[in-house]
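Novice: Fold the following, please.
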Amino acid sequence: MNSRISLNEAATYLGVTKTTLRNWDKSGKLKADRNPLNAYRTYDMDTLRVLKEQIDPGADSLGGSGRFAGSATNTVDSATTRRLLARLQDVIRDNDVTSNIIERFDEISKLLFLRLKVGRKVLEPDFGEDDEAYAMRIRSLYHQAADTAEITIPDRFATLNLNTPALTQCAQILSDLTLETCDGDLRGRAYEEVIRGTFDKNDNQQFFTPHQIVDFMVNLSRSYLHGNICDPACGTAGFLAKVTEIISGGVPRTQISKIPHLKLFGMEVDERLAWVARMNLYMHEGNDFEVVCLPEHGTLGPEAHSYFGMMDVILTNPPFGSSYADPEILDTFELGFAHSSRRRGILFVEQIRNLLKPHGVAAVVLEQSILNSSSTKDVREFILSNFQILAVIDLPESAFMPYATVNTSIMLLKKEESPDNSRVFYSKADKVGRRANGEEDVVYSNNGESRLNSDLNRILDQWTRFNESTGGFREGGSFSANVSESFDDEMRLDYLFHHPFRRESLERVEECGYKMPMLSELCEERNESYVPKADPTITNILFTGLADIEPGNGKAVQMVTPAASIKSAVKRYEPGDIVFSKMRPALRKVAVMHGEQGGYVSSECIVLTVRKNAEKKDIIDPEVLCAILRSDFVYGQIMSYVTGIGRPRIGLKDIRRIRVPMPDPDRQSKAAASLQASCSAVQQLREKATLLLEQAQSIEKASTANVVNMMLGDTHE
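Specialist: All right, here's what the predicted structure looks like:
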């Protein structure tokens, strides 16, 4: 039967990534059609079957009974599991072309539950049993299993809805596989693969936390895992499932009884997701769990009050990006009272406090604005009054892309009546093993081994060393901060505000014995704006784009550029002017512009001209000033004012307020001489390195010729 499936489903079926399929489409290896309604890629199943047989011969083959070819009792491993899930999807799709991915997911979940509940033998067809009788018996078995299940199965999911052909084929496939000897973690991870394939990259994506973030947060909290563990916005129970993996990881099945007892609690506003969460924990062999559906107001409503003060640990990624406006509910919250609306993440902070026992610990994802916005100062006061802040981990903007473009941080909090925030662990992840399009970010070593391109394992290692140490801690991008002593009036808690660069810069400004004028006192701004494309009298201009300014070393070049290719306005600079990139200031793109004539620079830069003294001389050497503007000393002054997602910038007023030391002329001259000597040394080393590289290439090239000559006998011994 011919049918069409989505990019996501085709990737799952073939066992390749979606990026690979896109590349195949572009190269012509596997062309996709486009859905006329939304232009998304779709694929023909018959074409995919042929290709899959070429990729993995036999992987998709069935015997006459519709079972996997080979042994009648196949033990499950990860590869078999992936083929099994793809095959079940395939069977349902072929026999019910009108079903959608959510409906197929529901039916597969029911079948997997039934298979684990009743065993393999029960699902085998009886002798002489026709398809209708077999399907009727399987439906009855599921209905009975749902009625007597250890987990709550809502009425809407208590019936198998597959038609007879699909049900008989799927049941026979499952009866051929020995799941009983399969590790619970493997079954659980396999089911989570189905969850990710279903709830990621579609209308339900908001319920899915990337597994890289889940793994990290559970490991960050590992030493605190005990007693009652809760996710009050559990979605598909990814956090709770990961807890079962970690606690039981590496423990033989015969020793499971010796694992410390945990009770897992999930709370969810959506009935389907609550059911999925129960199934996920069941597949992971969760020994003691409870997932409740709170349909009215979720965890924020009165239905959650009975759980107050019960939880030892909370792991959660509460919904962000939306506000809550029910006045009756808002008035029950300290952080909601007298507000017409409040962000849900803010209300979750208070509800986490309510759910935790005294000294309980929570790992929670929060919008960055909660940590640094002037409008959320009351939330930070609440956090500081009710929690000891154990750790703050700054996440990259790509962490939840492409579905959510928001700056976030992970906070590890401990409920205390009199919190001590004198030693807080801070760290920043620039990479989390996830690209902006949602695909895994994988890198390869020289020997071909793959790993996720992520800072999260490094941060976990530093977190361990931080906890093993006392006093101050600083290692790589991680550091400790005495939050209690580092506040300004806004009581900011974010990574940039408490970074050592900022603290050290401010201390050096205060301790400097020389004058510290603002940059605006030392320089004038050249604001000569120009739109090349609108000038019919010129063909080319000398242009310096952001890419033409090297990070950190003060080098920049002029490029002859067609005027028509520059769409926006640019700024004029003259020889000796300083250009300072406002975009991505962490790159320290600041340079003195040299050359015989001026040119134009991107409007993302500010152009500075050093002021003159009474003798018409520069009041500070432009090269010295430029070096200072590239320094940690200056970046520490401005880093907490950088704003924006994707293209972070620093505002003009914050650049103008940069403080620059102005010692006596003799010391300035010595600084200029030192800078010149260093630049000369760098240039000499670069020239030497270039020469050495050329020599190495020459020797390398000559070596092959020498080998050939020796093998031919053309050389003299």
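Novice: Could you tell me which strands the helix or strand Cys230 falls within is paired with, and in which direction each runs?
Specialist: Per DSSP states H and E, Cys230 falls inside strand 227-231. As defined by DSSP bridges, the strand partners of strand 227-231 come to strand 262-268 (parallel), strand 311-316 (parallel).
Novice: The helix or strand that it is followed by vs strand 311-316, what angle?
Specialist: Later in the chain than strand 227-231, the nearest helix or strand by DSSP H and E is helix 238-248. Interaxial angle, helix 238-248 versus strand 311-316 (axes from the mean of the first three to the mean of the last three CA atoms, to 10 degrees): 120 degrees.
Novice: Return the list of helices and strands in contact with helix 238-248.
Specialist: Helices and strands touching helix 238-248, by 3 or more CB pairs under 8 Å, 6 or more residues apart in numbering; DSSP states H and E, are helix 184-199, helix 211-220, strand 227-231, strand 262-268, helix 271-283, strand 311-316. Bear in mind the C-beta positions are built from the backbone N, C-alpha and C, glycine included.
Novice: The same query, at a cut-off of 6 Å, please.
Specialist: Applying 3 or more CB pairs under 6 Å, 6 or more residues apart in numbering; DSSP states H and E, we find helix 238-248 packed against helix 211-220, strand 227-231.
Novice: quick check: mean pLDDT across the last one?
Specialist: Right, strand 227-231. The pLDDT scores in strand 227-231 average 96.
Novice: Report pLDDT for the nearest residue to Leu452 once chain neighbours are set aside.
Specialist: By the measure of CB to CB, 6 or more residues apart in numbering, the closest residue to Leu452 outside its immediate chain neighbours is Gly433, 3.2 Å from it. On pLDDT, Gly433 comes in at 91.
Novice: Dump the helices and strands packed on helix 238-248 into JSON lines; add mean neighbour count and distance to Ser445 as well.
Specialist: Formatted as JSON lines, those follow (neighbours: other CB atoms under 10 Å; distance: least, CB to CB, whole Å):
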{"stretch": "helix 211-220", "mean neighbour count": "22", "distance to Ser445": "19"}
{"stretch": "strand 227-231", "mean neighbour count": "23", "distance to Ser445": "35"}
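Novice: Make TSV out of the ones you listed and add distance to Ser469.
Specialist: Listed next are the helices and strands packed on helix 238-248 as TSV, based on distance: least, CB to CB, whole Å:
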stretch	distance to Ser469
helix 211-220	17
strand 227-231	27
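Novice: ok so, going back, which stretch in the strands paired with strand 227-231 has the least confidence?
Specialist: Among the strands paired with strand 227-231, strand 262-268 scores lowest, at a mean of 94.
Novice: Just the C-alpha atoms of it, please, in CSV.
Specialist: The C-alpha trace of strand 262-268 is given here as CSV (Å, rounded to 0.1, in the frame of the first residue of the first chain):
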residue,chain,number,x,y,z
LEU,A,262,12.4,6.3,45.9
LYS,A,263,8.9,7.5,45.3
LEU,A,264,8.5,9.3,42.0
PHE,A,265,5.7,11.9,41.6
GLY,A,266,4.7,13.6,38.3
MET,A,267,2.1,16.3,37.9
GLU,A,268,0.7,17.2,34.5
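Novice: now the angle between helix 271-283 and that strand, please.
Specialist: 160 degrees.
Novice: for the stretch 351-500 of the chain, which spans come out with low pLDDT?
Specialist: The stretch 351-500 of the chain contains residues with pLDDT under 70 at 486-488.
Novice: all strands for it, in order.
Specialist: 356-367, 387-394, 408-415, 424-428, 442-444, 450-452, 474-475, 478-481 (DSSP state E, counting those that start in this stretch).
Novice: do the same with the stretch 551-700 of the chain
Specialist: In the stretch 551-700 of the chain, the segments counted as strands under DSSP E, counting those that start in this stretch are 559-562, 570-573, 578-581, 590-592, 599-602, 605-610.
Novice: List of residues touching the shortest one?
Specialist: In other words, strand 590-592. Outside strand 590-592, the residues within contact range by CB atoms under 6 Å, 6 or more residues apart in numbering are Ile549, Gly554, Ala556, Ile578, Val579, Phe580, Pro622, Glu623, Cys626, Leu629, Arg630.
Novice: among the residues you listed, who's most crowded?
Specialist: Neighbour tally across the contacts of strand 590-592 (other CB atoms under 10 Å): the maximum, 27 neighbours, falls on Phe580.
Novice: Please report the confidence value the model assigns to the closest residue to His261 other than its chain neighbours.
Specialist: Ranked by CB to CB, 6+ apart and with sequence neighbours excluded, the top spatial neighbour of His261 is Asp288, at 6.9 Å. We have a pLDDT of 87 for Asp288.
Novice: Asp288: neighbouring residues, count only.
Specialist: Using other CB under 10 Å, Asp288 is surrounded by 11 other residues.
Novice: Met45 now?
Specialist: 19.
Novice: ok, now Lys121?
Specialist: By other CB under 10 Å, neighbour count at Lys121 equals 7.
Novice: State the pLDDT value of the closest residue to it other than its chain neighbours.
Specialist: Spatial nearest neighbour of Lys121, excluding adjacent residues (CB to CB, 6+ apart): Ser175 at 7.6 Å. We have a pLDDT of 77 for Ser175.
Novice: what does Arg187 give?
Specialist: 60.
Novice: List of residues touching stretch 138-151?
Specialist: Counting by CB under 6 Å, 6+ apart, Leu114, Lys117, Val118, Ile153, Ala158, Leu160, Leu167, Ala171, Arg278, Tyr282 sit against stretch 138-151.
Novice: Next, the second one: secondary structure please.
Specialist: What that stands for is Lys117. helix (DSSP: H, G, I helix; E, B strand; the rest coil).
Novice: residues contacting it?
Specialist: Ala145.
Novice: State the distance from it to Met310.
Specialist: In this view, Lys117 and Met310 are 29 Å apart by CB to CB, to the nearest Å.
Novice: would JSON lines of the contacts of strand 590-592 with distance to Glu475 and pLDDT be doable?
Specialist: Below are the contacts of strand 590-592 laid out as JSON lines (distance: CB to CB, whole Å; pLDDT from 0 to 100):
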{"residue": "Ile549", "distance to Glu475": "31", "pLDDT": "96"}
{"residue": "Gly554", "distance to Glu475": "29", "pLDDT": "93"}
{"residue": "Ala556", "distance to Glu475": "34", "pLDDT": "95"}
{"residue": "Ile578", "distance to Glu475": "34", "pLDDT": "97"}
{"residue": "Val579", "distance to Glu475": "34", "pLDDT": "97"}
{"residue": "Phe580", "distance to Glu475": "31", "pLDDT": "97"}
{"residue": "Pro622", "distance to Glu475": "36", "pLDDT": "96"}
{"residue": "Glu623", "distance to Glu475": "33", "pLDDT": "95"}
{"residue": "Cys626", "distance to Glu475": "31", "pLDDT": "96"}
{"residue": "Leu629", "distance to Glu475": "27", "pLDDT": "97"}
{"residue": "Arg630", "distance to Glu475": "24", "pLDDT": "96"}
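Novice: What is the nearest of those residues to Lys571?
Specialist: Comparing the contacts of strand 590-592 against Lys571 with CB to CB picks out Val579 as the nearest, at 8.3 Å.
Novice: Next, work out how far apart the residue lying closest to the closest one once chain neighbours are set aside and Ser640 are.
Specialist: The shortest distance from Val579 to any non-neighbouring residue, by CB to CB, 6+ apart, is to Cys605 (4.6 Å). From Cys605 over to Ser640 the distance is 21 Å, taken as CB to CB.
Novice: Compare those two and say which is more crowded by neighbours.
Specialist: Neighbours per residue (other CB under 10 Å) separate Cys605 from Ser640, with Cys605 holding more: 24 against 19.
Novice: So the more buried one versus Asp577, what's the distance?
Specialist: Going from Cys605 to Asp577 by CB to CB gives 10 Å.
Novice: Spatially nearest residue to Leu7 (excluding sequence neighbours)?
Specialist: In this structure, Leu7 finds its nearest non-sequential neighbour in Arg41, 4.5 Å apart by CB to CB, 6+ apart.
Novice: what about the one you found, neighbour count?
Specialist: Applying other CB under 10 Å, we find 18 residues neighbouring Arg41.
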